[in-house]
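Visitor: curious how this folds, go ahead:
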Amino acid sequence: MNPAYNDLVAKINQWDHEYYVLDNPSVSDAEYDQTFRKLLEMEAANPELVTAESPSQRVGAKPIDEFRKIEHTVKMLSLANAFSLEETYDFFEKAAKELDISPSALDIFSEPKLDGLAISIHYDKGLFSYAATRGDGQVGEDVTHTIKTIKSVPIKLSTANPPETLEVRGEAFMPKAAFEKLNRLALQNNSKIFVNPRNAAAGAIRQMNPKIAAGRDLQFIPYGLGEYEGGHRFTRHSEILDYLHKIGFRKNPHCYAFSGSFDKFEKNYYVMEGAREKLPMQIDGIVYKIDSLNLQSSLGFIARSPKWAIARKFPAQNDVTQLLAVDFQVGRTGVLTPVARLEPVFVGGVTVSNATLHNMDEIERLGLCIGDSVEIQRAGDVIPKVVKVVTKGAHRKPIVMPGRCPVCHAAVERTEGQAAFRCTGGLLCAAQSAERIRHYASRKFMNINNLGAKLIEVLHNNGTLKTIADIYTLKISDIASLEGQGEKSAQNVLDSIEASKKTKLGTFLGSLGINEVGEESAKYIARYFKNLEAIASATFEELMQIPDIGPVTANNVVNFFKDSKNRAIIEKIMKAGVNWEDEDTEPVGKQMLAGQTWVLTGTLQHMSRDEAKACLESLGAKVAGSVSKKTTCVVAGRDAGSKLDKAQSLGVKVMDEAAFLAEFDLDF
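Guide: Below you'll find the model as predicted:
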């Protein structure tokens, strides 16, 4: 203990909080610099004094070699979007109907939608632990080294009684002034000019060297919580934001609370639209949330977004340019998408030279030809699209869908009743194969940990990986000879491939990338047919007998297995040793929960929520995000909240984690 050192650390951290969080500095820059220099001198003379709380540690980390993957304990979901007042109101009207109350009875909380990068920051007993990007919502990248450099992110929370675990979720962004300064310096140094603050912020955060992030004046503002244990119980979202501000975080400016009537939404939107240009940071819309956490819990979630919050996007920014050509890109499922090649035009701070045309029906609707002058819109301020023809070109040329795939030259066909044209090359089409291989090897499917997107791209481009079956013929020399690789890393890849061979039927079916057959529908099909041979020979009518499987999915499955090229690749994979237990050979009672709906709440001590969910699903249960009268049972972990309260009020069966483990004889 050194009181003088501790006082210096506390003083500088307080000054940082006043300057970067409160925008209210209490000392001059000269006094700050002099005190900080004194701290550095003391640490240089006495390195044993340095603690994790020291402000010197924000930029003290060394550059990293690669981004570590971090699994989110609580999924980081995205938000549904609305583009009009009517859409916004309809969303909350639907929520109110589900809650059996009037929309005007809802307490709504609005926040500016910051245009940055979603970040999760973890604190253990009040001390900064680590930070991660959203990633795919389940797994993000460890960006602790760069997020730690942001001065508005506290290293130690300003509270005497911090929670055991606190995961703060928010937006890391670059203020407009910092962005302008960055580009002025870039011009002076003849270096890269950034097109917008979001790209500059994202680029800084994903740098290996934290000093680059430290030099870009990034900020962080929270919008909510993820994992949270051992702290105050909240009843409202607005209480959470107030609490986060009290313990050291910045507040989002222009947040408002109001009742959910149509005119209140309208008034709030126009107030925010008017304030948009005056704000010190770039925003692209407004996030509206139901303030009550109890009502949020009652509504729950759909697959990727909550049913209690929506992002109202600002109108896109438009400009006019000329359509020079149209190319056709082939996606993972074989769909050919027309892409407009444009005379470059600056739209909303970004130079646009390409835009999506979606499909041939859209081209026909627009009456679009090559050579026309067109209006370009950055939809949601992000994705450029062609809105309309402004002037017909003097020498306009019609846009024609090619009869053969531009990559593999297989025939292009259009399914009756659908807008999409597809390449029939299937698993053998090079354009589809790289994406299919990435999909196959991804964490949620075959989970080949060390076979990442960049390595797949290199191996695909050099011809080593042409189809998913080629994964199982890779040799150490194929990988070790590549730049940045070696025998050890090559062996790690092969070990991951070997480990992936033991899988589940539903997982394998989903990994094949059949159009409209995702993770859940693949499980349903596997449970129904029990083995791959039965699935491969299933008729359209048989597939339609499965609950939640529609005609499009059924037709896609039949067509996929009808293709001899696809069957040949699957046969190669099976010969390589990929295997699973057929559903009908599993122990009796494995589907004992079929038809039941279970809910998980609180923090489980002996397993993750994902592990518990997987266990329940393997027993045939559906795992829901909210409690209702139809819920069979609620498993309540530590600090269970409103879901537990609702279950008890409805008389739904509740069991703790110990009872859950004992019920199904689980050993964790």
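
Visitor: for the rest of this, base every contact and every neighbour count on C-alpha atoms.
Guide: OK.

Visitor: just the pLDDT at the nearest residue in space to Cys429 that is not next to it in sequence, thanks.
Guide: For Cys429, ignoring the flanking residues on the chain, the nearest one in space by CA to CA, 6 or more residues apart in numbering is Cys408 at 5.4 Å. At Cys408, the model reports a pLDDT of 89.

Visitor: pull the contacting residues for Cys408.
Guide: Gly425, Cys429, Ala430, Ala431 (CA atoms under 8 Å, 6 or more residues apart in numbering).

Visitor: mind doing that once more with 10 Å?
Guide: Going by CA atoms under 10 Å, 6 or more residues apart in numbering, Cys408 touches Val330, Cys423, Thr424, Gly425, Gly426, Leu428, Cys429, Ala430, Ala431, Gln432.

Visitor: okay, now the fifth one: neighbour count?
Guide: Gly426 is surrounded by 24 other residues when neighbours are defined as other CA atoms under 10 Å.

Visitor: stretch 196-211: how far from the chain's middle?
Guide: 18 Å (CA atoms, centre = their mean, to the nearest Å).

Visitor: who's in contact with Pro55?
Guide: 8-10, 12-13, 16, 36, 39-40, 148-149, 151, 154-155.

Visitor: for this structure, what's the longest helix?
Guide: helix 29-45 (DSSP state H).

Visitor: show the subsequent helix or strand relative to that one.
Guide: Per DSSP states H and E, the first helix or strand lying C-terminal to helix 29-45 is strand 69-71.

Visitor: helices or strands next to that following strand in the packing?
Guide: When contacts are defined as 3 or more CA pairs under 10 Å, 6 or more residues apart in numbering; DSSP states H and E, strand 69-71 packs onto strand 127-133, strand 139-141.

Visitor: hmm, back to that, send me the longest helix of the chain as CSV with only the CA atoms.
Guide: Only the C-alpha atoms of helix 29-45 are listed here, as CSV (Å, rounded to 0.1, in the frame of the first residue of the first chain):
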residue,chain,number,x,y,z
ASP,A,29,-5.0,20.6,-19.1
ALA,A,30,-1.7,21.7,-17.8
GLU,A,31,-2.5,20.5,-14.2
TYR,A,32,-3.8,17.2,-15.6
ASP,A,33,-0.6,16.6,-17.7
GLN,A,34,1.7,17.5,-14.8
THR,A,35,-0.1,15.1,-12.4
PHE,A,36,-0.2,12.3,-15.0
ARG,A,37,3.5,12.8,-15.6
LYS,A,38,4.1,12.5,-11.8
LEU,A,39,2.2,9.2,-11.8
LEU,A,40,4.2,7.8,-14.6
GLU,A,41,7.5,8.8,-12.9
MET,A,42,6.3,7.1,-9.7
GLU,A,43,5.4,3.9,-11.6
ALA,A,44,8.7,3.9,-13.4
ALA,A,45,10.6,4.1,-10.2
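
Visitor: quick check, nearest of the contacts of Pro55 to Ala614?
Guide: Among the contacts of Pro55, Lys148 lies closest to Ala614 (CA to CA), at 34.2 Å.

Visitor: hang on, the closest one packs against Tyr123?
Guide: No. Using CA atoms under 10 Å, Lys148 makes no contact with Tyr123, being 12.0 Å away.

Visitor: who touches both of the two?
Guide: Ser129, Tyr130, Ala131, Pro154, Ile155.

Visitor: buried ones among the contacts of Pro55?
Guide: Among the contacts of Pro55, the ones that count as buried by 16 or more other CA atoms under 10 Å are 8-9, 12-13, 16, 36, 39-40, 148-149, 151, 154-155.

Visitor: re earlier: wait, which of the helices and strands packed on strand 69-71 is closest to Ser110?
Guide: strand 127-133 (23.6 Å).

Visitor: on that earlier part again, redo the contacts of Pro55 as JSON lines? Include secondary structure, distance to Ile376 and pLDDT.
Guide: JSON lines is the format used below for these (DSSP: H, G, I helix; E, B strand; the rest coil; distance: CA to CA, whole Å; pLDDT from 0 to 100):
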{"residue": "Leu8", "secondary structure": "helix", "distance to Ile376": "55", "pLDDT": "84"}
{"residue": "Val9", "secondary structure": "helix", "distance to Ile376": "52", "pLDDT": "83"}
{"residue": "Ala10", "secondary structure": "helix", "distance to Ile376": "52", "pLDDT": "83"}
{"residue": "Ile12", "secondary structure": "helix", "distance to Ile376": "49", "pLDDT": "84"}
{"residue": "Asn13", "secondary structure": "helix", "distance to Ile376": "47", "pLDDT": "81"}
{"residue": "Asp16", "secondary structure": "helix", "distance to Ile376": "43", "pLDDT": "78"}
{"residue": "Phe36", "secondary structure": "helix", "distance to Ile376": "50", "pLDDT": "77"}
{"residue": "Leu39", "secondary structure": "helix", "distance to Ile376": "54", "pLDDT": "81"}
{"residue": "Leu40", "secondary structure": "helix", "distance to Ile376": "53", "pLDDT": "78"}
{"residue": "Lys148", "secondary structure": "coil", "distance to Ile376": "39", "pLDDT": "92"}
{"residue": "Thr149", "secondary structure": "coil", "distance to Ile376": "38", "pLDDT": "91"}
{"residue": "Lys151", "secondary structure": "coil", "distance to Ile376": "38", "pLDDT": "90"}
{"residue": "Pro154", "secondary structure": "coil", "distance to Ile376": "42", "pLDDT": "94"}
{"residue": "Ile155", "secondary structure": "coil", "distance to Ile376": "44", "pLDDT": "92"}
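
Visitor: would you list every one of the strands in the stretch 451-600 of the chain?
Guide: In the stretch 451-600 of the chain, the segments counted as strands under DSSP state E, counting those that start in this stretch are 597-601.

Visitor: ugh, typo on my part, it should be the stretch 51-200 of the chain
Guide: Using DSSP E, counting those that start in this stretch, strands in the stretch 51-200 of the chain cover 69-71, 80-82, 107-114, 117-124, 127-133, 139-141, 165-173.

Visitor: any chance of JSON lines for those strands, columns mean pLDDT, distance to Gly367 and mean neighbour count?
Guide: Shown next, in JSON lines, are the strands of the stretch 51-200 of the chain (pLDDT from 0 to 100; distance: least, CA to CA, whole Å; neighbours: other CA atoms under 10 Å):
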{"stretch": "strand 69-71", "mean pLDDT": "90", "distance to Gly367": "47", "mean neighbour count": "16"}
{"stretch": "strand 80-82", "mean pLDDT": "88", "distance to Gly367": "27", "mean neighbour count": "19"}
{"stretch": "strand 107-114", "mean pLDDT": "96", "distance to Gly367": "35", "mean neighbour count": "22"}
{"stretch": "strand 117-124", "mean pLDDT": "95", "distance to Gly367": "37", "mean neighbour count": "22"}
{"stretch": "strand 127-133", "mean pLDDT": "94", "distance to Gly367": "42", "mean neighbour count": "22"}
{"stretch": "strand 139-141", "mean pLDDT": "89", "distance to Gly367": "42", "mean neighbour count": "19"}
{"stretch": "strand 165-173", "mean pLDDT": "96", "distance to Gly367": "40", "mean neighbour count": "23"}
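
Visitor: so which of those strands is nearest Asp645?
Guide: Of the strands of the stretch 51-200 of the chain, the one closest to Asp645 (CA to CA) turns out to be strand 107-114, at 20.5 Å.
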